[in-house]
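Trainee: Have a look at this prediction, sequence included:
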Amino acid sequence: MQSNFKFNKTLKGLPLLFQIFGLACSLMFVIAAYSLFANLFREARIFFYIGLTGILVLSLIILGTSNRDLKETGVSQLFSLILCFLFLPIFLAFPTWVIFPSINWVDAYLDMVGAFTTTGFPVFEKEVLSKPIHLWRALVAWFGGGLIWIAAFVILLPVNLGGLEIFSNKKNSPNSNRKLTLNERSTTFVKVSQKLIPIYFALTVILWGCLTSFGTDSYTSFIRALSIVSTSGISGPEKFELDGAGFLGELVILLFLFVALSNNIVKFFHNQLSLRRILSDTETRLGLSITIGATIIFTLKQVSLGDVYTGLSGAFESILELIWGNFFTVFSFITTNGYVSAFWDVSISSADLSYAAIILMALCLFGGGVATTAGGIKLLRISMLFTAFSNETGKLLHPSSVKVKSNRMKNMKISVFMAWIFFMLFMVSLATLTIFLAVFELRFEEALLLAVACLTTTGPIIEIVELENFLISDLSIFSKMALIIGMVLGRLEILVVLSLMTFGLNRA
């Protein structure tokens, strides 16, 4: 009993990279069990052997560091997180590469980076991969989404920065700016995980059950649940609009996507916020406003074309289907999930693909909420920049007005400064990646689309703009490496920039 306790204590004391590696190894046994149940014995053996090899390697690491007290600082945890998204997909790509020897190793690595960063990049055609591999991609994306969700709460919330200091309950606390000690830093990740993992797991199971009850088969609905909670947009072997859930399934999915719109939804599960407070949240109101505005634009555009009633049962029903298809698709893209409604094909024709692509790319750039699994610039930062713009406009109109000084205004200035820095870094990264991809055999439109898909972690946008014929595997090795770096930056840029700036400000 004492040896087991010592082993558990040693496992928790390992650096974050090795803890995540151990959890990733255990996920392979889940796919091995499914493959065994589906009578796919070759896939089951491969996943089992690779997972077992990873566990043995981790055991040797634990044995080699058993007499050392390893404690990570905040910068060390951040460095471990970066290494996870860069090097862990190398190990996660082994099953795909072994099962399909014809697949290039770089393509398998690119596919796993896309899954682990919740981008859902369509590297391979759906018919090429088997069911265990489709489930493995969705499970890796679910694991990566949960990891980035927990890491956001660990890094951003303790220091009350990145926009969260305005709404933090600790902003008036004397210990709000106190730096964590090494012991607190090493245990914070575990404590936060114990609170968030049950919510993350429960949302997945509930959504799985709801979609299954609405007519989707259990395998497809499980992939849907994993992808929606992690906002990866991975659809599996079957397209989303053909899964059989219909309107009720899309309605339930839309409700679950609200978790990616604001991090305050988590407080509702802990009874810290009421439903009225959540609906009045800045991110929620801004996200719904943008969604309604884009839905109106799509609807008016389709009405002006005069083909709204084509192929539909009736006038009133056609309008409702048109509005719902637009609303669901827009909301899915603003949360960087990328699912397309079953009614979207009716409401958008190929002739309007250009304007639709521009709007959807803009929605991806807006992104979801801070400290969620969604990517993009994030709605809270856009709200801060708009507030700063309004304040500056007010100063121009009323230069003699006197503003009341308060701690809230001081925090607002810091938040606006950090939001502007993040916005500029995001735009610079987008321009740099676009130019680099355009240098290597890509047209500007294709390079811009791929750059937006990577940095906003919205890979399914490539399929909706009919670039599925443009295979990612045909790109050069330099373009693939650029896409990998872009996806990692898009997933980690918020955490990296804000944490390093916080570290610098605290030292100053």
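Mentor: On my side now, so go ahead. Residues are numbered from 1 along each chain as shown.
Trainee: what's next to stretch 472-483, contact-wise?
Mentor: Stretch 472-483 is contacted from outside by 104, 106-107, 110, 121-124, 433, 436-437, 440-442, 450, 454, using C-beta atoms under 8 Å, 6 or more residues apart in numbering. (C-beta placed from N, C-alpha, C; glycine too.)
Trainee: one more time with 6 Å
Mentor: If you take C-beta atoms under 6 Å, 6 or more residues apart in numbering as the criterion, stretch 472-483 is touched by 106-107, 110, 123, 436-437, 440, 454.
Trainee: Can you list the low-confidence ranges for the stretch 301-450 of the chain?
Mentor: 306-317, 345-353, 401-414 (pLDDT under 70).
Trainee: Quick one: the helices in it, in order.
Mentor: Using DSSP state H, counting those that start in this stretch, the helices assigned to the stretch 301-450 of the chain run over residues 315-334, 344-347, 353-366, 379-397, 407-439, 444-455.
Trainee: Can you tell me which of these is packed in deepest?
Mentor: helix 444-455 (a mean of 22; mean count of other C-beta atoms under 10 Å).
Trainee: Pull the next helix or strand after it out as CSV, backbone CA atoms only.
Mentor: Downstream of helix 444-455, the next assigned helix or strand under DSSP states H and E is helix 461-464. Extracted C-alpha coordinates of helix 461-464, given in CSV (Å, rounded to 0.1, in the frame of the first residue of the first chain):
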residue,chain,number,x,y,z
ILE,A,461,-13.5,25.6,-43.1
ILE,A,462,-11.4,24.0,-45.8
GLU,A,463,-14.1,21.6,-46.7
ILE,A,464,-17.0,24.0,-46.7
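Trainee: mind checking which helix or strand of the protein has the lowest mean pLDDT?
Mentor: helix 2-12 (a mean of 53; mean pLDDT, DSSP states H and E).
Trainee: next SSE after it?
Mentor: helix 16-37.
Trainee: Show residues contacting that next one.
Mentor: Helix 16-37 is contacted from outside by 43-44, 47-48, 50-51, 54-55, 58, 61, 77, 80, 83-84, 132, 136, 139, using C-beta under 6 Å, 6+ apart.
Trainee: Looking at those, which are in helices?
Mentor: Mapping the contacts of helix 16-37 onto helices (DSSP state H) picks out 43-44, 47-48, 50-51, 54-55, 58, 61, 77, 80, 83-84, 132, 136, 139.
Trainee: Just the buried residues from those residues, in ChimeraX please.
Mentor: Those of these that count as buried under 16 or more other C-beta atoms under 10 Å are selected in ChimeraX with:
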select :43,44,47,48,50,51,54,55,58,61,77,80,84,132,136,139
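Trainee: show me where the stretch 51-200 of the chain has strands.
Mentor: With strands called from DSSP state E, counting those that start in this stretch, the stretch 51-200 of the chain shows none.
Trainee: coming back round to it: return the closest of the contacts of stretch 472-483 with respect to residue 283.
Mentor: residue 454 (23.2 Å; C-beta to C-beta).
Trainee: can you tell me which helix or strand the closest residue to that closest one other than its chain neighbours belongs to?
Mentor: Nearest non-adjacent residue to residue 454, counting by C-beta to C-beta, 6 or more residues apart in numbering: residue 486, 3.5 Å away. Here residue 486 sits within helix 477-507, counting by DSSP H and E.
Trainee: ok, residue 338 - contacts?
Mentor: The contact partners of residue 338, taken as C-beta under 6 Å, 6+ apart, are 233, 458, 460-461.
Trainee: typo on my end, residue 458
Mentor: Residue 458 is in contact with 336, 338, 364, counting by C-beta under 6 Å, 6+ apart.
Trainee: so how far is residue 340 from it?
Mentor: Note on residue 458: its distance to residue 340, by C-beta to C-beta, to the nearest Å, is 12 Å.
Trainee: what's the answer for residue 150, then?
Mentor: 29 Å.
Trainee: more neighbours, the two?
Mentor: Counted by other C-beta atoms under 10 Å, residue 150 and residue 340 do not tie: residue 340 has more neighbours, with 23 against 20.
Trainee: quick one: that one and residue 330 touch, right?
Mentor: No. Counting by C-beta atoms under 6 Å, residue 340 stays clear of residue 330, with 10.5 Å between them.
Trainee: overlap in contacts of the two?
Mentor: Common neighbours of residue 340 and residue 330 (C-beta under 6 Å, 6+ apart) do not exist.
Trainee: Would you format the helices of the stretch 301-450 of the chain as a markdown table with distance to residue 29 included?
Mentor: As requested, those are exported to a markdown table (distance: least, C-beta to C-beta, whole Å):
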| stretch | distance to residue 29 |
| --- | --- |
| helix 315-334 | 32 |
| helix 344-347 | 38 |
| helix 353-366 | 35 |
| helix 379-397 | 38 |
| helix 407-439 | 36 |
| helix 444-455 | 31 |
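Trainee: Report the angle between the strand or helix carrying residue 208 and helix 16-37.
Mentor: Counting by DSSP H and E, the element that carries residue 208 is helix 182-213. Put simply, helix 182-213 runs at 20 degrees to helix 16-37, going by axes from the mean of the first three to the mean of the last three C-alpha atoms, to 10 degrees.
Trainee: So which elements touch the helix or strand following helix 182-213?
Mentor: For helix 182-213, the following helix or strand on the C-terminal side (DSSP H and E) is helix 218-230. Here helix 218-230 touches helix 131-155, helix 182-213, going by 3 or more C-beta pairs under 6 Å, 6 or more residues apart in numbering; DSSP states H and E.
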